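S.K.: When you get a sec, could you give me coordinates for this:
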Amino acid sequence: MLGAVAAICAAAWLVPYPTSADDAASTPVVQAASARITVFLAASKVRDFRTRHTRLPATLAEAGITDASLEYAAGRDTLFTVRTLAGGEQIVYDSRQPPHSVLRGAVAIVEGRGR
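M.R.: From the prediction side, this is the model:
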């Protein structure tokens with residue numbers, strides 16, 4: 001698990017964040033992979049917030065997330081979802097799933113784009 005998180009952080013740090021021009025040239029597969037990483041990182045921030053404050057944030061902004069393409073829904077207790085739409089695909093992280101489940105090979109796809 002720690003290795004996966006380290007790989008994601010490295011990919012997020014080393015692979016340039018796509019700009020609007022990059023988005024237009026990206027394939028739907030790359031857009032969806034980038035969105036999966038974004039959703040994973042947002043969910044990580046929500047989980048970190050929950051650990052520090054013993055409650056879920058009311059909004060993503062409260063957790064320090066400003067990406068307007070993300071939707072967040074806090075449920076009861078510790079349950080939440082983070083979702084977005086990319087490359088024609090709905091990307092959803094549900095906190096009842098293992099954190100890495102949303103990635104589904106996204107890091108390899110995005111890393112391959114940078115080569």
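
S.K.: Quick one: name whatever helix or strand follows the strand or helix carrying Arg50.
M.R.: Arg50 belongs to helix 28-53 when assigned by DSSP states H and E. Using DSSP H and E, the next helix or strand after helix 28-53 towards the C-terminus is strand 71-74.

S.K.: Go through that following strand and flag the buried ones.
M.R.: Of the residues in strand 71-74, Tyr72, Ala74 count as buried by neighbour count, 16 or more other CB atoms under 10 Å. The C-beta positions use only the backbone N, C-alpha and C, and glycine is treated the same way.

S.K.: which helices and strands sit right next to the next helix-or-strand element following it?
M.R.: Helices and strands here follow DSSP H and E; after strand 71-74, the next one along the chain is strand 80-86. When contacts are defined as 3 or more CB pairs under 8 Å, 6 or more residues apart in numbering; DSSP states H and E, strand 80-86 packs onto helix 28-53, strand 71-74, strand 89-94.

S.K.: buried ones in strand 80-86?
M.R.: Result for strand 80-86 [16+ other CB under 10 Å]: buried residues Phe80, Thr81, Val82, Arg83, Thr84, Ala86.

S.K.: any idea of the pLDDT on Pro98?
M.R.: At Pro98, the model reports a pLDDT of 89.

S.K.: Look up phi and psi at it.
M.R.: phi -60, psi 140 (degrees, to the nearest 10).

S.K.: any idea how far it lies from Glu89?
M.R.: 20 Å (CB to CB, to the nearest Å).

S.K.: Could you verify that Asp108 is part of a helix?
M.R.: Wrong residue type there; residue 108 is Ala, not Asp. Yes - assignment of Ala108 by DSSP: H, G, I helix; E, B strand; the rest coil places it within a helix.

S.K.: give me the number of residues near it?
M.R.: 13 (other CB atoms under 10 Å).

S.K.: For it, give its distance to Lys45.
M.R.: Taking CB to CB, one finds Ala108 at 23 Å from Lys45.

S.K.: right, and Leu60 touches Ala74 too?
M.R.: No - taking contacts as CB atoms under 8 Å, Leu60 lies outside contact range of Ala74: 9.9 Å.
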